[in-house]
Structures are given as structure tokens and as C-alpha cells.
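In: Mind looking at a prediction? Sequence and model below.
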Amino acid sequence: MDIATIVGLVLAITAIMTALILDGGSPAELFAAPAAIILIFGGSIGATVITSPLKVGLKLPVYIMQAFKTNKFNTKADIELLTKLADKARREGLLALEEDSRKLTDKFLKKGLMMVVDGVEPEQVSAILENTVDQMRTRHKQGIGFFTAAGAFAPTFGIIGTVMGLISVLKQLDNPAALGEAIASAFLATLWGLLTANLIYLPVAGKLKAKSEEEAHNRYMQLEGIVSIQAGENPRVVRDKLMAYLPPSENKGDADAKAEGKAPAGNAGRAQA
Amino acid sequence: MDIATIVGLVLAITAIMTALILDGGSPAELFAAPAAIILIFGGSIGATVITSPLKVGLKLPVYIMQAFKTNKFNTKADIELLTKLADKARREGLLALEEDSRKLTDKFLKKGLMMVVDGVEPEQVSAILENTVDQMRTRHKQGIGFFTAAGAFAPTFGIIGTVMGLISVLKQLDNPAALGEAIASAFLATLWGLLTANLIYLPVAGKLKAKSEEEAHNRYMQLEGIVSIQAGENPRVVRDKLMAYLPPSENKGDADAKAEGKAPAGNAGRAQA
Amino acid sequence: MDIATIVGLVLAITAIMTALILDGGSPAELFAAPAAIILIFGGSIGATVITSPLKVGLKLPVYIMQAFKTNKFNTKADIELLTKLADKARREGLLALEEDSRKLTDKFLKKGLMMVVDGVEPEQVSAILENTVDQMRTRHKQGIGFFTAAGAFAPTFGIIGTVMGLISVLKQLDNPAALGEAIASAFLATLWGLLTANLIYLPVAGKLKAKSEEEAHNRYMQLEGIVSIQAGENPRVVRDKLMAYLPPSENKGDADAKAEGKAPAGNAGRAQA
Amino acid sequence: MDIATIVGLVLAITAIMTALILDGGSPAELFAAPAAIILIFGGSIGATVITSPLKVGLKLPVYIMQAFKTNKFNTKADIELLTKLADKARREGLLALEEDSRKLTDKFLKKGLMMVVDGVEPEQVSAILENTVDQMRTRHKQGIGFFTAAGAFAPTFGIIGTVMGLISVLKQLDNPAALGEAIASAFLATLWGLLTANLIYLPVAGKLKAKSEEEAHNRYMQLEGIVSIQAGENPRVVRDKLMAYLPPSENKGDADAKAEGKAPAGNAGRAQA
Amino acid sequence: MDIATIVGLVLAITAIMTALILDGGSPAELFAAPAAIILIFGGSIGATVITSPLKVGLKLPVYIMQAFKTNKFNTKADIELLTKLADKARREGLLALEEDSRKLTDKFLKKGLMMVVDGVEPEQVSAILENTVDQMRTRHKQGIGFFTAAGAFAPTFGIIGTVMGLISVLKQLDNPAALGEAIASAFLATLWGLLTANLIYLPVAGKLKAKSEEEAHNRYMQLEGIVSIQAGENPRVVRDKLMAYLPPSENKGDADAKAEGKAPAGNAGRAQA
């Protein structure tokens, strides 16, 4: 469950409802203009669907669900695992990783390590894994692009709805009593366009982008670890390398430990070199 | 037939018409101001034609047609074909690909494989094919640019039309009876500018861009396959490489198969190396 | 004569005039507010001149003229010429190109080939020609930047003019008879700002950019040809390489010819290699 | 204490208050519409929180605090230190840097130099340090992105608030006495949206970006110094290299000194080479 | 003295004043609302100062002065000088450049040539000079960024001022006589926001950017010349290389001369090779 999505949504909707009530209105008023709601959703999603491949449009609910789920990466655990495997590979050879690799549930890590075990050449391993991450990002970009486009179309269809409403109003200027109500109704389209864009489309686009970057970040860390293991690098250097992917708050204790306790080991390692 | 284009268009137009009718108007009203329609189409297409080479402007109907057609790529079938050819090339030599290549209907694949068969050097093959894809993208960008420009000009000409209309109105303030009707008519220009931009120009630009990226994506996969075949790579590695171009949903079964059944073969391959 | 510029301009101006007349006005009304016209041209060109080096500002008429001229490139003829020279160079040596190069009227091609004949090293030839294209693009960007800036300033000065007009109007609210006329006059500034930006500045910027890209595209093709000639590449490969710069519609016949008639020659060439 | 943040904030707030009072109003009026304030803060922060990972949202106060703190870099002192270490390393070997490195309080410099002392390979040192800077920038970008997004959402929620207010107003047109007050209140939402965006969110985003760039700039200088020390470069060349990271105003005296006094030493150095 | 800045400023201000007077107003009216002027300058500069390091804010007058000064580069003279030095270096060795280099007043050229004379390694010379140009551009970007930010903040503070003014007006609707005057005064804030942005901030940002690019362009030319001299390249090739940095209008005569008169020398040179 992505708590930020829930918290943000509750915060924004509460603020809007409070403001509406303080202004002497009621949330029900927002739904007083079905024409506006139909136009905004139909228009913005319709225009966005034209823009995208159909399969992207059909995944709309999947994308929205994803904005509510958390990424399940545990970068720290992955670093420990890769350091352990680097150690094992150095002591017992790359073939010794086969059993460990086979047990992994993370498909990317498994695929990469199995290629290492299978003796695929380093440049190939690196190229295949990089391409896998690139293709993943390309697919994510389609979803992000869908919501970004919808977030751009929605306010415009809001204006289209308001202009259409005002044109209707202007043709019936002979009934001034209903004028205010009619103009208010026309403005509801602008309101719905802005609200759907700023509460649904654009925030979901932002969240999908953040999740995609987080996943790519973790994948690049795994990729660097796999490549280092294949190159037979010193497990301590592998760990140092991967630790840079953690924020300082999470590897602070470690840095201190290294600076004090492990430095002699470092010297020892150098002495052997 | 690109179903997304049809579905999106129907959805958006239905929403607009429903909203119009719910507002107490009728679709016919949209066509009540021929001046606005002439200005929007003439102005936005005129300004865009100045911006582009004439040949791009003349292909306007072709581009719109393309937004309704589907790309005919079958990435999965291409991967199977390239893996088969990689296998054949490894066993019988590159010359053995001549007959298969000659039969291909995909011009890009045929051109690339014929160069491999003809013994053109690997860097040349790669450079020529990459340049072919680059040039294709450059040509596609012209069409995309045409619709993006038109999508930017149309709302502006909508505002130009509305300002022109309002200026006319303001000069005849002595006839208040016709005022509402005249202002409504002026706003129709804004409406047409926004509608053509958001229902035609920008979605078509987006669709052409998506199609261009899909084609380039497929071409890069073919390119990587051709280069791998020429390098005499292991057919299994070729397949692994190209599989990364498929979304996980389409190569899932395969990944499982590999992890279980083919791993021994992988070890065998490594043992031979 | 760049027909697209003429066609686009005529189309857009006709549309505007037709709309004006259909609205019951006349084109003469556009010129009823000299203050607006002075402000828009003086303000937007003045602000743009501050932004640019003076020499760029002084070339304003030259840039506008260029938007009406066609680029005189004949990519296809250049490819035939370069293929012929590649063939001659392979048979008779690079020195044999001297006479042909000296006769060329295209300065870039002449400069490049003369360096090849003079025995300048390949990396130098390539670096000098690439830099020549880069510098050309940098110079073109100044002109494009001038019109893009003017296209951004003009609508803003339009709004400035309208706000100035409205301020004048608001101070004389005691004369309601002249009010409509005065507000109409104020809006003319917005109209002129939008019209100059969308009919002159932005389309000319777009056209100059398209011409610059077309020229660079042709130069890169020539550059690749010159480099290939100096490297003594097979004339058929040179031609294949350069053909990728043509759109498929222009090299279609050629591709078929190659696939059928020339393939044996290709095999022969390979056999000799 | 970042004086620019204080000075800028005081300057802008004073200007706003002065303008308010000169207009015959009072600062208290800004707080007359609690609905607007709740909507702007709740809406813009809520939408931004949806966009970001929760941990970024929770660091909101930390980010704002950072905009008030100064970066503590002393590039000049670091250059002197690195030049001194380069000299020592050249004379006494890389191991001689251990004691000096251990005493450093700058974690990045310490980490880099300890790796050099530990005999980690140059490419690894460079890759780990570069990755550390890249990861730092990625983390900074999250904070910058948070404020940029909030700065984009706030004015939109301002318009949402104003439209909501106007809709309320339009439904009660029968009470013209309260009309002005109600419209004024509706406009307060726009005002708060613009003020929070332009006085808090966007300037803080800009400041965080400037600080991040300053830090990265300093880190790259340190990185280049560490790499040069490991490569055993001439201390004078190391100093020349790093001096380029200082603005001319800060290394002017130095440049003159070098051109006059140190040039013979330079020649001497060359003579030895 | 940068004539373009003066000419542009005079042109724009004259246009604005003429338009004001033609509209029946007077330039003095622009200064009738001190509240607007205080708000625009205080608000936009205040917000920009928060965005930037304080030292950048303090250099505001320096930056404005720079927009009025001309860059003092003489690219052509530099090319002649570098060609002469390349010739001398080839005949008498790199050490022979010491005296000439010492006399140079251009610090960048002097620094680069002194390093060449001092025997610093080519990659180091190139890296140090490139870094010097990069750091210069980074510093320039701060100034450009300051004016770009101010140019974005000013119109927004204009709208803030107008909204504040309108809120004041709306609270005093009971005095219709003063209404027009008060609304006019509110609009002055928008006017000042737009005028300062479009006559000062944005054009100065553009000018500083153009000057920075011109300086970098000249520096890269000098850098390429220095690197070529150190590599001992043929003076004629050095000259050809650097000539590409001049616009065709300035090296036309030269190109013709080379094509006719110097070609034999070129052949001679080749014959010797």
C-alpha cells in the first residue's frame, strides 16, 4: 500500500471539501452538472486513447492501481546478498553460484546470475541486462505518457465545456433570473477539468514516474553487482560500490564501521595485492 | 485498423455531443459560425504549411490515414526467425542465409541480411542499418512536427477569431438585443480552435509519435539480431538478447522454460566453451 | 521560390480576411489602430534586438527572404556523383579526383574533396568538415532564435497594448457612447500581437529551422561520402550507405534493382574480397 | 545562515505589504478567507504528496530549513589540501596519505582518499566516487521535484478555489450588496495560490537546485583531485587543474603569480621531464 | 558599447511611448501607481534572490552593465596568431613559443600556451582548458538564470498586484465614480510586470546568453588551435580547422584564394608527405 498516495489524496480532497463548505456550498454541488462530468472524462480519456496504443489505454485501471501499491525493493538486502555471492564466487568459482541463483525469486537478478553461471560473455551479460532495464523504462514511459497527456487534455476540455456552456447562456440572455445558475454550471466544467488533472492524472503520472525511477535505480545497482561478481572483484569493493546507491542516512553506520574497524582489513587487502 | 484511434474518437465526440445536448443545445450550433470554421482551418493549416516543407504539407491526408492504420510488426515472430537464422548461420555459415534472406518481404531485414551474406564488414552493416533507422525517424518527425505545430496554432487562431468577433461586437453596442448571439458566435472560434487541436492535431501527433517509436523499437531489435548473426553468436544468447525487447507478459512462459528446462543446455554450452 | 511559404501565407491571410468579412467587418479595420501596430512591431522587434547581437538584427530582411527561397540541394545527384568519385578513386587513386573536385561549385564538397586530394589525414578531414557543419548550424540557430524570440515577445506586447488601452478606457468611463469603440481599439493590440507572431515570426522560425536541418542532413551525407571515398570503400557500399539518406519513396526502384539484378555482382565482389 | 534567502524573503514580503497598504488595504485582509488558505495548502501539498514517495513528503520541513542554511564548502582550502597531498604522495608514496586521510572530516574526501590508500584500482575509485555524486544528485532532485511540483499545483488550486468561489457567488446573484465582497473573497484563492508558489515553493526549489549544483561542483573538483593524486600527477598540474573550478576573481592573484614568479619553476619542471 | 542593446531599448521604449500618447495618455500615467512599481520590483527581485546564491544577486548591476558592453573577441586575428605560432612551433620547436606566449594579454590563450611550453601532457592541457571553459559557462549560467527567473516572476507579481488591486476595488463597489480609476490602477501592476520582464529581464537574459555563447565559441577555437599546435600539426591544416569557426562571409576570400592560389602548395605539401 503506497501510503503517500492515500495521504495526499485524503489531504487534497479534505481541503477541497472544507473550502466548499466554508464557502457556503456543499460537495453535492460539484455533481450538479452531469454534462460537465461526461465531457471531461469522455473528452480527455478519448483524446488520450487516440494518442496511445490501445493496449496502453486498456491498462488504465492497472496503472491507477500501481499508484496505490508500494515497490517491494529492499536495496540493502540485495546489497548484502550480492556481496555474499561475490565472496562465494571468489572463493569457489562462478559455477558455485548456480544453486543460489536458481532459488532467487527476483527474475532480473536470477536471469543475470544464471547468465553468469552459464558462462555468457561479460559484455553480453551487461548488454542484455541494460537492454532489459531500458525496455522496462520504455514500457513504463507509455503509462506515464498516458496520464501526462490526460492531465494536459482535461483542463482544455474543461475550458471547452465552459465555452460551450457560455455560448448556450449567451443565447438565452432574455431570462436573467436563470443567468447566474447557468454561468455557474458552465464553470463547473472548468472545475472538473482542473480537478481531474490535478488530483488524478498528473499526480498518478508523477507517482508512476517516481516508481519507475526507483525500480530502474534498483536494477542498475543489481546490474553493477552482477557485472562485478562476474569480473571477480573484491567483495569489499563490490560492497563499497553498491553502497553508493543507498542514501547516506542508511549507510552511515556502515561508513563509520568501515572507517574504523575495517580499515586494517583494507590495509591487509592492499598488502596482499 | 488502429482500434484505439476509432475508440478514442468515438468516445470524445460522443461526450461532446452529449454535453451539448444536456446543456440544451444541439450539435448543429457548432456549425452556426462558418467564419470561425474557415478561420481556424485556414489559419492553422496555413501557418503550419509556412513552417514546413511543401511535401510534408501535401502528405497531410496520408498522415491522418496512418493514425487509423495499425503497425504490422510481429516482434515475436521476428525473434523466432532471427534465432533460426542465427542457428543456421552457425552451422552452415553466413552464405547459407542467402536463400532465406532473398525470400523475406520485410525490406529492412532483407537489406541487412543481404549485406551480411554479401560479406560487407560488420561496422558498415551496423552503420548503414542504424542510419536507415535514424533517417526514418527524421522523416517521421516531420509529420509529427506538422501536427504538433497545427495543434499549437489552432487554439491561437481560435483566440484571434474570438478577439476579431468581440471587436465587431464592441462596435455595435447600440443593438443590445443581438449582443448575446454575437458574443456567442465570437466564442465559437475559440471552441473550434480548441476542438480541432485536441481532437485532431494533437492526438494524431501523439499517435504518429507512438507508431514511429514502435517501428524504431522493432528495427533496433532486428538490427541487433542481424549484427549478432554476423558475429556468429550463440543462437541461445541471440534469443535472450532479443527477448528483452518483448514486454514481460509476452516472454514470461519462455523465461520459466529457460530457467528450468534449458539451463542444462546452457551449462553444456559453457562446458564446450 | 519556396511554394509552401507562399501557399501557407495566402491560405492563412485569405481565411482571416474571409472571416473578417463574414463577421460584417472589413480588412481596413485591422489598420484602424496605428498605436497598436507601432507598439507591436516596435516593442517585439526592439526587445528581440536587445536579446541578439546587432548583426543578427540587421539580417532580419535576409532571414525573411530565405523563408521564401528553396534550398537547392539535389541529394540524389550528389549520391551519384560521390559513388562515381568513389569508383574512380578506387581504380585510379585519390589523386585522380583533383580535376573533378576543382570543377565542383558546391563549396563544402569541393573543400572536403580537395583536402582528401591534398592528403590531409582522415580524422582531420572528418573533424574539419564536421566542425564546418556545426558552425553553420550555430549561425542558423541565431536567425531561428531571433524569430522565435520575436514570436514570444509579440503576443506579450499585444497584451501590454491592450492593458494600456483598457487603462485609458477605464479613466474615461463617463463617456459610455465611445466605450465600445475604445475597448475594440484596445483589443486590436492583442490581435496584432497574435497575428504577427503566428503569421510571420513563428512560421518563419519554423521554416528557417526546417531549411537548416535539410542543409545539415545533406552536408552529413556529403561528409559520409567524402570520408568513405578517402577510406577507399567499395563504391557499392558507399552508395548503399548514402542511399539511406533518401526517403524510401525515392530509392525504392533502386532497392528492388539491387535485390534482383545486382546481387550477383555483390556475391562476385564478396568472392574477390 | 543563507543570507540570500532571508534578504529575498524580507524584500518580497515588504514589497507586498507596502503595496497592500498603499492600495488602502491591510495585510490582515489576506487572511480573511480561511477557505482559500486551507484549499491552497491542502490541495497543493496533497497533490504533490501523491506525486512523490512518502519519505520525500515527510522531509518537507528539512528541505525548507536547507534553503535557509549555507553550504559549508571551502573550495579554495580543499584545493590547497589536495595540492599538499599530491605533493606528499609524489614524494612519499600513496601510503603516506593514510594518516592525513583518516583525520579528514569531509566524508567524501575521506572515502576517496582511503580507497586510494587501500590500493583500490583507479577506475574503481573514479566509478565509486562518480556514482556517489550521481546518487546524491538523484536524491537532491527528489526534493527539488517536490517543490517544483508544489509550485505548479499551487496556482492551479488557486484557480480551482476562485472558480469554486465564483460558482457560489453566481448562485446568489439576488443579493447584489454582498456581491463585491464575495467575488473579492473568491479572488483571494488565486492570490494565495500565486503567493505560495512564487514566495515559497518555486524560490525554495531554485535554492535547493543551486545548492545541489554547488555541492556537485565541489565534489567533482575533489574527485578530480583524488584521481590526479592516485595517478601521481605533478602537484603543480593538479593545482592548475583544480584552480579552473574557482571563478577568475578568486584565482586572479594566483594566475598572475604563476605567469611571473612561478614560470621559471615551470620551466625547471619541464627541463626535468 | 553593445549597440544592439541601445538600439533595441530605444526602439521598444519609443514604440511604447508613442502608443501611449496616440491612445490619448501620457508616459507619466505609468508612474501613477507607486504601489504597483514597488510590488513588481520588490517581489520579482526578492523571489529571484531567494532562488540564487547571494553573490549572484549582488552582481545584478554588473550583469546589466555587461548587456551594454561588447565582447572584445577578434576571432580572425586569433586565427592568424595561432597559425603563425603553429608555423613557428613546427620550425623551431614548442619552446620557441615561450616569449610570444608571455606577451599575450588574453589570459586563456596565455595559460594554454604556457602549459604547452611547460611540457604539460596534451590530454592534461586539453582537459584543463576544457574545464576552464565549462566553469566559465557554469558561472555565466548563474547570471542568465537570475534574469530568466526574474523574467518569469515579474509578470506573476504583476498579476498578484492586479488581483490585490481588484480585491480592494471589489470591497468598495458602493463608490462607482472612482471605480474606473481604481481598476485602471490595478491593471498598472500587470503592465509593470509585463514591461519589466519583456524590456529588462528577458532581453538581458538573452543578451548574456548570446555573449556567453560567443565567448565559449571563441574559447573552443583557441583551445583547438592550442591542441593542434602542441600536436605539431601542419600550419595550413591548423588554419583550415580554425577557419571553420568564422562565418562564410568572413572567410570567403580566403576559401577562393586557397582553391586557386594555394592548391599547388597543397599538392607540394602532399608530395613531401
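Out: Here it is on my side, so go on.
In: what secondary structure does residue A:120 sit in?
Out: Following DSSP: H, G, I helix; E, B strand; the rest coil, residue A:120 is assigned to coil.
In: for the stretch 151-273 of chain A, what are the low-confidence residue spans?
Out: Residues of the stretch 151-273 of chain A meeting the criterion pLDDT under 70: A:251-273.
In: quick one: what helix or strand has the residue of it found nearest chain E in it?
Out: Relative to chain E, the nearest point of the stretch 151-273 of chain A is residue A:180 (16.7 Å; CB to the nearest CB). In this view, the C-beta of every residue, glycine as well, is placed from N, C-alpha and C. Secondary structure from DSSP states H and E places residue A:180 in helix A:179-196.
In: then that helix to PDB, C-alphas only?
Out: Presented in PDB, the C-alpha positions along helix A:179-196 are these (Å, rounded to 0.1, in the frame of the first residue of the first chain):
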ATOM      1  CA  LEU A 179     -28.400  33.600 -15.700                       C
ATOM      2  CA  GLY A 180     -26.200  33.100 -12.600                       C
ATOM      3  CA  GLU A 181     -27.100  29.500 -12.300                       C
ATOM      4  CA  ALA A 182     -26.400  28.800 -15.900                       C
ATOM      5  CA  ILE A 183     -23.000  30.500 -15.800                       C
ATOM      6  CA  ALA A 184     -22.100  28.700 -12.600                       C
ATOM      7  CA  SER A 185     -23.000  25.400 -14.300                       C
ATOM      8  CA  ALA A 186     -20.700  26.400 -17.200                       C
ATOM      9  CA  PHE A 187     -17.800  27.000 -14.800                       C
ATOM     10  CA  LEU A 188     -18.300  23.500 -13.300                       C
ATOM     11  CA  ALA A 189     -16.700  22.100 -16.500                       C
ATOM     12  CA  THR A 190     -13.500  24.100 -15.900                       C
ATOM     13  CA  LEU A 191     -13.600  23.000 -12.300                       C
ATOM     14  CA  TRP A 192     -13.900  19.300 -13.200                       C
ATOM     15  CA  GLY A 193     -11.100  19.600 -15.800                       C
ATOM     16  CA  LEU A 194      -8.700  21.200 -13.300                       C
ATOM     17  CA  LEU A 195      -9.700  18.800 -10.500                       C
ATOM     18  CA  THR A 196      -9.300  15.600 -12.500                       C
END
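In: Who are the packing partners of whichever helix or strand comes after it?
Out: Once the chain leaves helix A:179-196, the next helix or strand it forms, by DSSP H and E, is helix A:202-230. Applying 3 or more CB pairs under 8 Å, 6 or more residues apart in numbering or on different chains; DSSP states H and E, one finds that helix A:202-230 makes contact with helix A:3-22, helix A:60-66, helix A:75-92, helix A:107-117, helix A:122-170, helix A:235-243, helix D:34-51, helix D:122-170.
In: element containing the residue of chain A most remote from its centre?
Out: Note on chain A: the largest C-alpha distance from the chain mean falls to residue A:174, namely 52.9 Å (CA atoms, centre = their mean). Here residue A:174 is covered by no helix or strand, with elements defined by DSSP H and E.
In: okay, now the closest residue in space to residue A:69 that isn't next to it in sequence: neighbour count?
Out: Spatial nearest neighbour of residue A:69, excluding adjacent residues (CB to CB, 6 or more residues apart in numbering or on different chains): residue A:2 at 5.9 Å. A total of 19 residues lie near residue A:2 under the criterion other CB atoms under 10 Å in any protein chain shown.
In: And residue A:2, how far from chain B?
Out: Separation of residue A:2 from chain B (CB to the nearest CB, to the nearest Å): 21 Å.
In: Pull up the gap between the residue nearest the centre of chain A and residue D:52, please.
Out: For chain A, residue A:211 is the residue whose C-alpha lies nearest the centre (CA atoms, centre = their mean; 2.1 Å). To residue D:52, residue A:211 is 11 Å away according to CB to CB, to the nearest Å.
In: Ok, residue A:230 next?
Out: 36 Å.
In: does residue A:20 really touch residue A:27, like I thought?
Out: Yes: between residue A:20 and residue A:27 there is a contact at 5.8 Å, judged by CB atoms under 8 Å.
In: Which residue of the two possesses the greater neighbour count?
Out: Taking other CB under 10 Å, residue A:20 and residue A:27 do not tie; residue A:20 has more neighbours (22 against 11).
In: need the contact list for that one.
Out: Contact analysis of residue A:20 by CB atoms under 8 Å, 6 or more residues apart in numbering or on different chains lists A:26-27, A:29-30, D:35, D:164.
In: any idea how far it lies from residue D:165?
Out: The value you get for residue A:20 to residue D:165, if CB to CB is used, is 10 Å.
In: which residues do the two both contact?
Out: Listed contacts common to residue A:20 and residue D:165 are residue D:35; contacts here mean CB under 8 Å, 6+ apart.
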